[in-house]
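Visitor: Model the following, please.
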Amino acid sequence: MDTVKHTPGDPTGILREQSRLGRIQKYIGENLSTDLSAAVVSEKFELSVSSLLHILKKHEQQSYRRYVEEARMNRAFDLIIRESKRVKEAMNATGYKNRITFYNAFKRTFKYSPRHFRR
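Guide: Numbering: from 1, shown residues only. As a prediction, this is how the structure comes out:
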């Protein structure tokens, strides 16, 4: 697994960690319809699950699960509101298989159901 390598310009490894975080965030943003479990993503970046969770929590001040959910919900919001897509299309594009789970996540993020915004 990954270990922090110290370099003269980055003695604590912070820049390297931030660079890795940026790559992880980009990957998540580009793969919202796929399995984004911590196990899958940590394997992709050759990190332990605990390292992935720690890096995200440290820099985003939220859990990995919540970060992924927010990214998915922001994309769903854009699809439904800005692109006038059907809820089912947004649900599929953001990796949700269950309509109830999708609606609950949407309400948790935006305080209202997708239907409220479609009016």
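Visitor: any idea how far residue 111 lies from residue 95?
Guide: Between residue 111 and residue 95 the distance is 22 Å, computed by C-beta to C-beta, to the nearest Å. Yep, even glycine has a C-beta here, placed from its N, CA and C like the rest.
Visitor: These two: who's more crowded?
Guide: Per other C-beta atoms under 10 Å, whichever of residue 111 and residue 95 has more neighbours is residue 95, with 18 against 8.
Visitor: That one: what's its closest spatial neighbour, skipping adjacent residues?
Guide: Distances taken as C-beta to C-beta, 6 or more residues apart in numbering place residue 33 nearest to residue 95, at 4.8 Å, with adjacent residues excluded.
Visitor: show me where pLDDT drops low in this structure?
Guide: Counting by pLDDT under 70, the ranges of the chain that qualify are 1-13, 119.
Visitor: Geometrically speaking, which residue is the centre of it?
Guide: residue 68 (2.5 Å; C-alpha atoms, centre = their mean).
Visitor: Verify the stated contact: the residue nearest to residue 95 with residue 96.
Guide: No. Applying C-beta atoms under 8 Å, one finds residue 33 not in contact with residue 96, separated by 9.0 Å.
Visitor: Tell me which of those two has more neighbours.
Guide: Neighbours per residue (other C-beta under 10 Å) separate residue 33 from residue 96, with residue 96 holding more: 23 against 14.
Visitor: For residue 88, see how far away the more buried one is.
Guide: Counting by C-beta to C-beta, the gap from residue 96 to residue 88 is 10 Å.
Visitor: can you list contacts of stretch 53-73?
Guide: Identification of contacts with stretch 53-73 by C-beta atoms under 8 Å, 6 or more residues apart in numbering yields 17-18, 20-21, 24, 28-29, 32, 36, 38, 47, 52, 94-96, 105-106, 108-110.
Visitor: now swap in stretch 39-49 and tell me
Guide: Under C-beta under 8 Å, 6+ apart, the answer for stretch 39-49 is 1, 2, 20, 23, 24, 27, 28, 38, 51, 52, 55.
Visitor: quick one, helices of this protein?
Guide: For the chain, applying DSSP state H gives helices covering 14-30, 38-44, 49-60, 64-77, 87-93, 99-110, 114-118.
Visitor: angle of the third one against helix 14-30?
Guide: So the one you mean is helix 49-60. With axes from the mean of the first three to the mean of the last three C-alpha atoms, to 10 degrees as the basis, helix 49-60 and helix 14-30 are set at 100 degrees to each other.
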